[in-house]
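Enquirer: Coordinates only, no sequence provided:
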C-alpha cells in the first residue's frame, strides 16, 4: 500500500489521478523502491515512468531492475499495456524448478530463504511459511497445496527469471507433486540431515527421475546438534547413486549455504524447450477460485505468448474465453503485459463455472488449434466417505463450498448420495485419511460449513453370480465396484470378492524391525523386501490390504518405532479376499451410515469395538437401546445403553408390596411400548468416534 496526500498524484504510472483527501492507493504488485510523490498543478498529467524493482544477486548485493509501471486505474489500463516487461527473459534466462521432500524436512523454510535472497520479500526475520497461504497449513505446519513464486536473480551479470514451486510432502498429496513437476525442468531434492532419507523422499526421487528432470540433492538442517549429514549423504549414494560432490549442505533456518542453491539451479537445470514464434500452447496445471473474479488458472506456456485481450480456446471443452488479466506470482498476483514461452504464470478469463478449469487442459489461441498435450493421469481416490450437512437447509451452501474446494483440489471425486437418516449428501473420494481430514477442516474454516462425515471405506470389487435378480439389479455385468458399504452384495449375489492392495515402503532404524514385522503381520501383510540402506537403517516393502492401512496404520507404526519410521505406499491392484459386510443395528434397525466391509477373520473383533464405542457416545433414552453388530442375520456383538429410569416408588411410603409391583410393571410396559415407536438419534460425535480405532 502506498500513502498519497491531498493534491498529490502517483508518478509511477500514467493514470493521471489526483487525490483530494487522505486515502490509500493500492498497487497490483509489490514495490521494492520508495515511490516518488510529486505535487501537481491543476490539469497536469504525469507521464508513464519505469518502476525500480529489487533483484537479488549472486554477490549478495541488491540491484535495481527496470520494468514498465503497473497500471493503477482503469484509465491507464486503457492507454497502456502496463505490468512487468517479461520479454527481457527469453527461454535461456528462465529456470522452472520445484522443491520436493518428505514431510517436515524444511521445504517451506527453504522457499522463504530463496524469496529473501532474491529480494522478492523483505528480510524482516519473521518470514515463516510465506507460500503456505491456507489456515490449515499454518495450523498443522504442513504444506497441502502446491504454490508458485517467480523470482528475479542476477548471476554473472545476467538477470534470470526463476519460477519456484513449493510442493507438499505427505503421501496423501502426492498428486499435487506430480502435477507441479509437469511445469518444471528440475527439482531440489531436500533431505533432513537428522532423519536422513525417508519413504516419501524415495517416492519423490522416482517421480522426478521418471519425468527426466534434473535433480539437485540438498541436505538441510546441518545446524542441528544431532545432525549427521555424512550418514544422509551415504544413504543418498546407496539408494540414488548420487555422488558426494553433487550434494549441497545447507541450513535453511539460519541461511547457511543457501547462497549456493540458485547458482546450482542456473547451472544444472536446463532452460525450457519452447518456441516463441509457434502458435500459443499452454498447460493448465493448477487453479483456484475467487468469488469475484472466478477461476484463476496457473499455466505453463509451452509455445507462443499470451496477452490481455487475447481470445483462447480450451482443448477439453472447446469453449472460447477472452483473457482479462495475465500475470506472475511474485509471490502474490502481479499483473504483467504479456507471458512468453517457457514462463509460468496465471490468467483470468471470467470462468465462473468452476468445472471449466479442467486440470491438465491445453489452451490455444482461438482459430489456431494445436496438438493437445497429454495432460495428467487422473487421480485415483483411495478412501471414500459420505459428507452430509448438519441441517438439510444448508444443502445448497454446502454444495457451493464443495464445488469451489474441488476446483482448488482436483484429486477429490464427487458423486451425489442420499441417506434415510442423514438426508441428501455426497460420496467423496480422497487420496488418504489426512486428505479427508484436511478437506473437512477447510470446509469448516473457509466456508463455515458444519458437516457429518461417515465411516471411510475403500472401493471393493465383487464378481456377481449369473442370476435373474442380479441382472435386474446391476444389468448385464459380471463385476461391479462397490464404493458404499451399505450396498455391498451378500454372499448369495457374489461368487468372489476383491479388495484393493498396496505396496508399502517403510524406512526405520534397524532396532525397531521386529515391532514393524509384528504390526504388518497383524494387518495381513506379505513381506516383499528387507534391505539395509546403511549400518543403522533398513528398508522394508510389504504388500498390504488398503483397508488395513487407511485408518490408523501410520499412527501405530509411529508409536512402535518412537516416531522414527516413515511410510509411503503405491497402488498394487486387487486381490481376492474373504470379505463380509458388518452391519450396525440400533434396536433392530440397521444404520446404513455405520456399515463397513471387513475381513471375515476380524469381523467379531471390529464389531465388539464399534458396539463398545457407540455405547459410550449414544445418549441415554427413556427406553433401553440395544446396539448390535451383525453379519446378515448372525449377531456377533451386543451392548445395551441403559434407560433413564424414573423412580415411580417415590410416592409410596409403605403399604402392600403388590402396590409397588404394580407401579413397576406399568413402567416396564410403558417403556416396552415406547421402544416400538421411539427413534434413536445418532449424534455427530458417534460417527466421529467410530472413525478412530
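Expert: Looks like it came in fine. If you're wondering where the values come from, they're calculated on a predicted model, not measured in any experiment.

Enquirer: In stretch 95-112, which residues are buried?
Expert: When burial is assessed from 16 or more other CB atoms under 10 Å, stretch 95-112 yields the following buried residues: 95-103, 105-112. Every C-beta, even on glycine, is put in place using the N, C-alpha and C of the backbone.

Enquirer: can you check stretch 175-187 too?
Expert: By neighbour count, with 16+ other CB under 10 Å as the criterion, the buried positions of stretch 175-187 are 175-187.

Enquirer: measure that stretch end to end?
Expert: The stretch stretch 175-187 measures 16 Å between its terminal residues, going by CA to CA, to the nearest Å.

Enquirer: which ones are touching residue 414?
Expert: The contact partners of residue 414, by CB atoms under 8 Å, 6 or more residues apart in numbering, come to 402, 406, 426, 427, 428, 429.

Enquirer: in this structure, what secondary structure element scores lowest on mean pLDDT?
Expert: Sorted by mean pLDDT, DSSP states H and E, the helices and strands of the chain end with helix 74-79, the least confident at a mean of 32.

Enquirer: Now the element after it, going C-ward?
Expert: Counting by DSSP states H and E, the next helix or strand C-terminal to helix 74-79 is strand 94-101.

Enquirer: Against which helices or strands is whichever strand in the chain runs longest packed?
Expert: The strand that spans the most residues within the chain, counting by DSSP state E, is strand 494-509. Other elements packing on strand 494-509 under the criterion 3 or more CB pairs under 8 Å, 6 or more residues apart in numbering; DSSP states H and E are helix 199-210, strand 460-464, helix 513-522, strand 537-545, helix 546-549, strand 566-577.

Enquirer: Take those and lay them out in TSV including mean pLDDT and mean neighbour count.
Expert: Shown next, in TSV, are those (pLDDT from 0 to 100; neighbours: other CB atoms under 10 Å):
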stretch	mean pLDDT	mean neighbour count
helix 199-210	86	19
strand 460-464	91	19
helix 513-522	92	16
strand 537-545	91	20
helix 546-549	87	23
strand 566-577	87	17
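
Enquirer: Go through those and name the closest to residue 340.
Expert: For the helices and strands packed on strand 494-509, the distance to residue 340 is smallest for helix 199-210, at 25.4 Å, taking CB to CB.

Enquirer: neighbours around residue 154, how many?
Expert: Around residue 154 there are 19 other residues, counting by other CB atoms under 10 Å.

Enquirer: quick one on the thing from earlier: distance to residue 620 for the buried residues of stretch 175-187 - can I get that in JSON lines?
Expert: JSON lines is the format used below for these (distance: CB to CB, whole Å):
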{"residue": "175", "distance to residue 620": "45"}
{"residue": "176", "distance to residue 620": "46"}
{"residue": "177", "distance to residue 620": "49"}
{"residue": "178", "distance to residue 620": "50"}
{"residue": "179", "distance to residue 620": "50"}
{"residue": "180", "distance to residue 620": "52"}
{"residue": "181", "distance to residue 620": "55"}
{"residue": "182", "distance to residue 620": "56"}
{"residue": "183", "distance to residue 620": "57"}
{"residue": "184", "distance to residue 620": "59"}
{"residue": "185", "distance to residue 620": "64"}
{"residue": "186", "distance to residue 620": "62"}
{"residue": "187", "distance to residue 620": "57"}
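
Enquirer: Show only the entries of those found in helices.
Expert: For the buried residues of stretch 175-187, membership in helices holds for 175, 176, 177, 178, 179, 180, 181, with DSSP state H as the criterion.

Enquirer: now, which of these sits nearest residue 476?
Expert: Nearest to residue 476 out of these is residue 175 (CB to CB; 34.1 Å).
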